[in-house]
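Asker: curious how this folds, go ahead:
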Amino acid sequence: MTNIDDQREVPRADPWHFAALLGGNFALALGPWFVRLADSGPVSAGFWRLFLPLPILAVLAIRQRQPANRVTPALGAWLLVALAGVLFALDLASWHIGIASTRLGNASLFGNSGSLILMVWGLIAARRLPRPLELGAIAAAIAGAAILLGRSLEIDHVTLIGDLFCILAGVFYFFYILLIQGARGQFESWGLLFTSTLASVPVMLGIAIWLGEPVWPHVWWPLIALALCSQVVGQGLIVFALRHFSALIVGVVLLTQPAVSILVGWLAFGETMGALDALGMGLIAAALLLGRLSENAAR
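Answerer: Sure, this is the predicted structure:
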């Protein structure tokens, strides 16, 4: 696989790419809210999240395709994207099961535990020690995540299983990001998202049926909102911006999702939010700033 963190192979990012990466994570952080509101099973909600936007993604992929200037992806790249889709389905299934059993803050924080692995992997792949700004970003991100973890973690016989499923989802998402980033250079962004989503759909449906969940909903608007907000806007923006950033920066930005989910849980469901939550979110914001400065300094 191509060294995804080789600075010579990372195209130059402008403020719009960074805004897209942030916006995509913000949109994804709203997903647990819609999963809670859906009257289907949690994994079934994930199936509809993937299935409903397929026509939109197909149209966007066709419109973006530039056959005159594009080399047809190799078979290995197609297999890479298909495997990424399977991993994303496993990530989504695990995460949605966890969302149904724990707080939104817990679900988002643990679901993004793979971001910490991604930051470390970014340095290992680059075969170097972190620069001072990168070290500051990692320290601030870990400190902020630790504070949010301490505030949101409520382990008992009900939430423990949900937390463990969310941690498993984070591990699946780490491998999904690696595979998608590895194939990003051979696909346009919408074509890549359509192909990986198409590979995810049958896996999600199979898991939902295997779990015996109700698949057909009575109320559609939460699932439509979930599909548009998470799969079209959220994943679309992230896939668009992904190739412009190192794995370390992507990992730092992923940590914005727990902060947004804690805020949504507080506003929508009355889940506790205190001064320490605000401190944790502030540290993650500082990590984003330091990470962005480190990207600029490396150019």
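Asker: what about the nearest residue to V253 once chain neighbours are set aside, distance to I209?
Answerer: In space, and not counting its chain neighbours, V253 is closest to L21: 5.2 Å by CB to CB, 6 or more residues apart in numbering. In short, each C-beta sits where N, CA and C put it, glycine included. For L21, the distance to I209 equals 35 Å [CB to CB, to the nearest Å].
Asker: of these two, which one has the most company?
Answerer: L21 (26 against 14; other CB atoms under 10 Å).
Asker: check which helix or strand covers the more buried one.
Answerer: helix 15-29 (DSSP states H and E).
Asker: now V219
Answerer: With DSSP H and E as criterion, V219 is part of no helix or strand.
Asker: before we move on, back to that, what is the helix holding L21 packed up against?
Answerer: Counting contacts by 3 or more CB pairs under 8 Å, 6 or more residues apart in numbering; DSSP states H and E, helix 15-29 is packed against helix 235-242, helix 247-254, helix 256-269.
Asker: how about the residue nearest to V253, what does it touch?
Answerer: Under the criterion of CB atoms under 8 Å, 6 or more residues apart in numbering, the contact list for L21 reads L237, I238, A241, L242, F245, I249, V250, V253.
Asker: save these as JSON lines, and put in pLDDT and neighbour count too.
Answerer: Shown next, in JSON lines, are these (pLDDT from 0 to 100; neighbours: other CB atoms under 10 Å):
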{"residue": "L237", "pLDDT": "88", "neighbour count": "22"}
{"residue": "I238", "pLDDT": "84", "neighbour count": "24"}
{"residue": "A241", "pLDDT": "81", "neighbour count": "24"}
{"residue": "L242", "pLDDT": "74", "neighbour count": "21"}
{"residue": "F245", "pLDDT": "75", "neighbour count": "25"}
{"residue": "I249", "pLDDT": "72", "neighbour count": "28"}
{"residue": "V250", "pLDDT": "74", "neighbour count": "24"}
{"residue": "V253", "pLDDT": "75", "neighbour count": "25"}
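Asker: and these, which two are furthest apart?
Answerer: Greatest spatial distance among the contacts of L21 (CB to CB): L237 and I249, at 14.8 Å.
Asker: ok so, going back, export the helix or strand just after the helix holding L21 as PDB, just CAs?
Answerer: Toward the C-terminus, helix 15-29 is succeeded by helix 31-37 as the next helix or strand (DSSP H and E). C-alpha atoms of helix 31-37 as PDB (Å, rounded to 0.1, in the frame of the first residue of the first chain):
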ATOM      1  CA  GLY A  31     -25.800  10.900  13.200                       C
ATOM      2  CA  PRO A  32     -26.400   9.400  16.700                       C
ATOM      3  CA  TRP A  33     -29.200  11.900  17.300                       C
ATOM      4  CA  PHE A  34     -31.100  10.600  14.200                       C
ATOM      5  CA  VAL A  35     -30.400   6.900  15.100                       C
ATOM      6  CA  ARG A  36     -32.000   7.500  18.500                       C
ATOM      7  CA  LEU A  37     -35.100   9.100  16.800                       C
END
